[in-house]
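J.: Turn this into a model:
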Amino acid sequence: MVEGVFNRFQNSASHNEHYSSLNARNRVKISSTMSNLLSQHILGSILVRYIQPENSKRCELLLIPLALEDRIVTPRRYLDERAEVASLPEKFHPVPADSPHSLVQLKLREDNTGDGFSSGVTMVESGTMKALDYIDQTKSTRDGITEITTLLRDQTGRFSCKHHLIYREGESGIRCFTEFTNASNAPLTLELLSSFALNSITPFTNSNSTPHLLFHRFRSWWSLEGRLDSTSLESLHMERSWGGFATFSERFGQVGSMPVRHWFPMAAIEDKTMGVVWAAQLAIANSWQMELVRRGDRVTLCGGQADREFGHWSKSIKPGETFASAEAYLTATQGTLDQACQALLDGQRVAASGAPEIEKSLPVCFNEWCTSWGAPNHENVIAIAKRLQGTGIEYFVIDDGWAERPPEAIIQNNGEWVVDQKKFPGGLKPTCDALRKLGFTPGIWFEMEVVNPGGHRWEEHAHLVQRDARTLQVGSRRFWNFNDPWVDQYLTEKVIHLLRDTGIGYLKVDYNDNLGMGCDHPDSLGEGLRLHIEGVQRFFRKIRQEIPEIVIENCSSGGHRLEPSMQAVASMGSFSDAHEGTIIPIIARNLQRLILPRQSLIWAVLHPKDDEARLHYSLAATFLGRVCLSGDIHNLSDPQIETVKDAIRLYKLVSTIIDHGFSYFQGTPDGSYVDPKGWQAVIRIYEHQALVVAHGFELANAESYDISLPMEKWKLSSQFAGQGNQLEIVDETSAKLTLQRGFQGGVWLLNC
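T.: Residues are numbered from 1 along each chain as shown. All right, here's what the predicted structure looks like:
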């Protein structure tokens, strides 16, 4: 089992031979038991099947780990053998065991809602779906990218849909999105359009799938990001009803402009019996939803833009106009949830590769927020920088407090963006020049999307986001309208010109409140929000275009924007606002399942009062992503500074493993994240190296734990661990981890 965890892409010679032989068989015939198979395609280790349910003109999408193709079973057709069904009057027979689904879900305002007691619970399987037929399919391959386009059309000719499935050679996941085209002579109004739908789960049983399935999601609140929520379908109350006459839905997501608030836009279904995980992740920065839907034996997982009921969204499509959904990442993995999560992360690597050249080596960052707490000035910035020379830190970020504030503002006065000359005489350029001479890339903090009270921009109502024809205010924030050319020009001058004129090389973009259900637009509040976020991301891309070498940090109260579309317009994201709590290693571990570690910026806030164990605990956590140091670091003693240097030296040595490796997880904190108990270890493998990052949480005594390793002749190469913490190689597949009492952390590098 351990070896299987590390067999990441299943690209052995035997698998390649299996792919070739399967392709040959498919060219000859289609099995008689799959007479409704429209087409099938091999995309890496995934077999993709497009299926037409019996007695329908629909098209379902089924993803299967290729190695398990022979384990698929034909589903039963009817439920008549059940006693409660058999006793029904003859006119009710036969009772279907399932109902047809589709790889696209949509709802038009012009059509009826669905049946099965679904109104107000779900908009899937609406009246619009009853006339959506499969028409045709095309496949193209170019430059290692395969795209399968499936055409669906309304029986009356009002509209068509194109479902796009895209595979990049070498990746272990697939991307998809949906296009809707109005082919009529009048506007049509969308109230639901899915980005993806994974149908017919699970295909490995011919009866009720409930006992086999586990549903996985990841919860998220401020400074509590990424808790795994795994629930049986029985616990979700998602068992099939006795006759399958009702449509059940577990619909969840988030509403507003913080896409990772309450839930991450990712979900998975695990077949516990077969060891298969289907997983999906949305690349969307506005309101979104996912749904687990069932009416019969098997279930469907679908998702995309939050619909009219859940996200206040509808959109009018003019005759001849085409609208495309947000993109989704999909996979079907034989193995564990962790493997499925990391298969989805493969889809984010192409966007991450667009970061500036300096980012390739994963430079270490210092941010002075937890040092000055909003009171930076030229003198303290340069004094800290001089103390940090020679530590290996490359980015020096000046956080909030560099701009002028009205007397009543304590922190975060946004909108005017006038440099405080009392703190920075002559502006920011002399400070940035001095930082560069000391060997640092200077960085700056902005919360550019909002304005706060006390400045002239607070009253710029014509250029601020509106709801119900009034300027939208959330707490102490109003929001610039990013589809207003005046706003684009204003922020170009205030942000882009400042960055360029001062020589700043690092931009931290914060965002500390939420637009909620949306803003004014003729179609809907949700459509206003969607277009607003499009404008925000367009400005992010403009910054990159104007200053190609800029490093952008995506921060939203820490981790509220850690989804693929925002990570794609930034170099990295702030993992959380958990600055120095003992929760940090837990959140950092959680996020290895959800964002690339090379894009996960982790706080290590250090103080002179920290003993050796605490320094190792804090610094070890940063090896789960990117290093972001802060705190009273300039007051650390020389021995403490040497500990920091030791950590950074090892970090630079293992940065390739952090960037390209594959992680698996052992141990777990017991219950509480805020006051954790227990232990955890993350083992990240790349080529012939293993990086072990381990933490103990308030252990009552020294404890030893068994660690599983892939079969190799491992040798300990380097380590960064507090006194008494050690990793001992036992044999070719295991090691013994020893952690001392209290809170402990350590890092070990193994070679073979």
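J.: same for the helix or strand harbouring residue 654, what does it pack against?
T.: Under the criterion of DSSP states H and E, residue 654 resides in helix 638-660. Applying 3 or more Cβ pairs under 8 Å, 6 or more residues apart in numbering; DSSP states H and E, we find helix 638-660 packed against strand 364-367, helix 612-621, strand 626-631, strand 678-686, strand 689-699, strand 715-721, strand 742-751. From N, CA and C alone the C-beta is placed, and that goes for glycine too.
J.: In this protein, which residue is most central in space?
T.: In the chain, the C-alpha nearest the mean C-alpha coordinate belongs to residue 563, at 3.8 Å (Cα atoms, centre = their mean).
J.: pLDDT wise, what is that one at?
T.: Residue 563 is assigned a predicted lDDT (pLDDT) of 98.
J.: Minimum distance to residue 355: which of the helices and strands packed on helix 638-660 has it?
T.: Checking the helices and strands packed on helix 638-660 against residue 355 by Cβ to Cβ gives strand 626-631 as the closest, at 11.6 Å.
J.: tell me what the closest one is packed against?
T.: strand 364-367, helix 369-372, strand 600-606, helix 638-660.
J.: For the longest one, list the C-alpha coordinates in CSV.
T.: Spelled out, that is helix 638-660. Taking Å, rounded to 0.1, in the frame of the first residue of the first chain, the C-alpha atoms of helix 638-660 are listed here in CSV:
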residue,chain,number,x,y,z
ASP,A,638,23.2,35.5,17.9
PRO,A,639,22.6,31.8,18.7
GLN,A,640,18.9,32.3,17.8
ILE,A,641,19.9,33.9,14.5
GLU,A,642,22.2,30.9,13.8
THR,A,643,19.2,28.7,14.3
VAL,A,644,17.3,30.7,11.7
LYS,A,645,20.3,30.5,9.3
ASP,A,646,20.4,26.7,9.8
ALA,A,647,16.8,26.4,8.9
ILE,A,648,17.1,28.5,5.8
ARG,A,649,20.3,26.7,4.7
LEU,A,650,18.4,23.4,4.8
TYR,A,651,15.3,24.9,3.2
LYS,A,652,17.3,26.0,0.2
LEU,A,653,18.8,22.5,0.0
VAL,A,654,15.4,20.9,-0.2
SER,A,655,13.4,23.5,-2.1
THR,A,656,13.2,21.3,-5.2
ILE,A,657,11.5,18.6,-3.1
ILE,A,658,9.0,21.2,-1.7
ASP,A,659,8.3,22.4,-5.3
HIS,A,660,8.0,19.1,-7.2
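J.: ok, back up a step: kindly reformat the helices and strands packed on strand 626-631 as JSON lines containing mean neighbour count and distance to residue 670.
T.: Rendered in JSON lines, the data for the helices and strands packed on strand 626-631 read as follows (neighbours: other Cβ atoms under 10 Å; distance: least, Cβ to Cβ, whole Å):
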{"stretch": "strand 364-367", "mean neighbour count": "25", "distance to residue 670": "32"}
{"stretch": "helix 369-372", "mean neighbour count": "21", "distance to residue 670": "28"}
{"stretch": "strand 600-606", "mean neighbour count": "25", "distance to residue 670": "22"}
{"stretch": "helix 638-660", "mean neighbour count": "17", "distance to residue 670": "27"}
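J.: now these as JSON lines including distance to residue 52?
T.: As requested, those are exported to JSON lines (distance: least, Cβ to Cβ, whole Å):
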{"stretch": "strand 364-367", "distance to residue 52": "53"}
{"stretch": "helix 369-372", "distance to residue 52": "57"}
{"stretch": "strand 600-606", "distance to residue 52": "42"}
{"stretch": "helix 638-660", "distance to residue 52": "41"}
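J.: among the ones you listed, which is nearest residue 424?
T.: helix 369-372 (12.7 Å).
J.: Quick one: residues in contact with that closest one.
T.: 380, 384, 397, 399-401, 445, 579-580, 603, 605, 630-634 (Cβ atoms under 8 Å, 6 or more residues apart in numbering).
J.: top of those residues by neighbour count?
T.: For the contacts of helix 369-372, the largest neighbour count, defined by other Cβ atoms under 10 Å, is 28 neighbours, found at residue 603.
J.: wait, isn't that one in contact with residue 585?
T.: No. Shown here, residue 603 and residue 585 do not form a contact pair, counting by Cβ atoms under 8 Å, at 11.2 Å.
J.: Compare the helices and strands packed on helix 638-660 and report which one is nearest to residue 273.
T.: strand 678-686 (26.7 Å).
J.: on that earlier part again, as TSV, the helices and strands packed on helix 638-660 with distance to residue 343 and mean pLDDT would be great.
T.: As requested, the helices and strands packed on helix 638-660 are arranged in TSV below (distance: least, Cβ to Cβ, whole Å; pLDDT from 0 to 100):
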stretch	distance to residue 343	mean pLDDT
strand 364-367	29	98
helix 612-621	25	98
strand 626-631	22	98
strand 678-686	15	97
strand 689-699	20	97
strand 715-721	29	97
strand 742-751	24	97
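J.: Quick one: closest of the ones you listed to residue 203.
T.: Once the helices and strands packed on helix 638-660 are compared by Cβ to Cβ, strand 678-686 is nearest, at 30.8 Å.
J.: Using CSV, list the CA coordinates for the closest one.
T.: Backbone C-alpha positions of strand 678-686 (Å, rounded to 0.1, in the frame of the first residue of the first chain) are rendered in CSV as follows:
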residue,chain,number,x,y,z
GLY,A,678,-1.2,14.3,19.2
TRP,A,679,1.3,14.5,16.3
GLN,A,680,1.6,14.7,12.5
ALA,A,681,4.2,13.9,9.9
VAL,A,682,4.3,14.9,6.2
ILE,A,683,6.6,12.9,4.0
ARG,A,684,7.3,14.5,0.7
ILE,A,685,9.1,12.4,-2.0
TYR,A,686,10.9,13.6,-5.1
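J.: circling back: so which of the contacts of helix 369-372 is the closest to residue 108?
T.: Closest to residue 108 out of the contacts of helix 369-372 is residue 445 (44.8 Å), distances taken as Cβ to Cβ.
J.: mind checking which helix or strand that closest one is in?
T.: Assigned by DSSP H and E, residue 445 falls in strand 441-446.
J.: Sheet-wise, list the partners of that strand with their directions.
T.: strand 393-398 (parallel), strand 506-509 (parallel) (DSSP bridges).
J.: Out of those, indicate the one that is most buried.
T.: The highest mean neighbour count among those, using mean count of other Cβ atoms under 10 Å, belongs to strand 506-509: a mean of 26.
J.: And the contacts of that one?
T.: Under Cβ under 8 Å, 6+ apart, the answer for strand 506-509 is 365, 367, 395, 397, 399, 441-448, 495, 499, 540, 543, 550-555, 570, 574.
J.: again, 6 Å this time
T.: Outside strand 506-509, the residues within contact range by Cβ atoms under 6 Å, 6 or more residues apart in numbering are 395, 397, 441, 443, 445-446, 550-553, 555.
J.: ranges for the strands of the stretch 1-150 of the chain?
T.: 37-43, 46-51, 60-65, 106-108, 132-142, 145-154 (DSSP state E, counting those that start in this stretch).
J.: repeat for the stretch 201-350 of the chain
T.: 213-221, 224-232, 248-254, 262-271, 276-283, 288-294, 299-305, 315-317, 322-324, 327-334.
J.: report the angle between the axes of the last one and strand 262-271?
T.: In this case it means strand 327-334. Strand 327-334 runs at 30 degrees relative to strand 262-271, counting by axes from the mean of the first three to the mean of the last three Cα atoms, to 10 degrees.
J.: what angle do strand 327-334 and strand 276-283 make?
T.: Orientation check (the same axes, to 10 degrees): strand 327-334 against strand 276-283 gives 170 degrees.
J.: ok, strand 327-334: who's next to it in the sheet?
T.: Short version: by DSSP bridges, strand 327-334 pairs with strand 174-182 (antiparallel), strand 276-283 (antiparallel).
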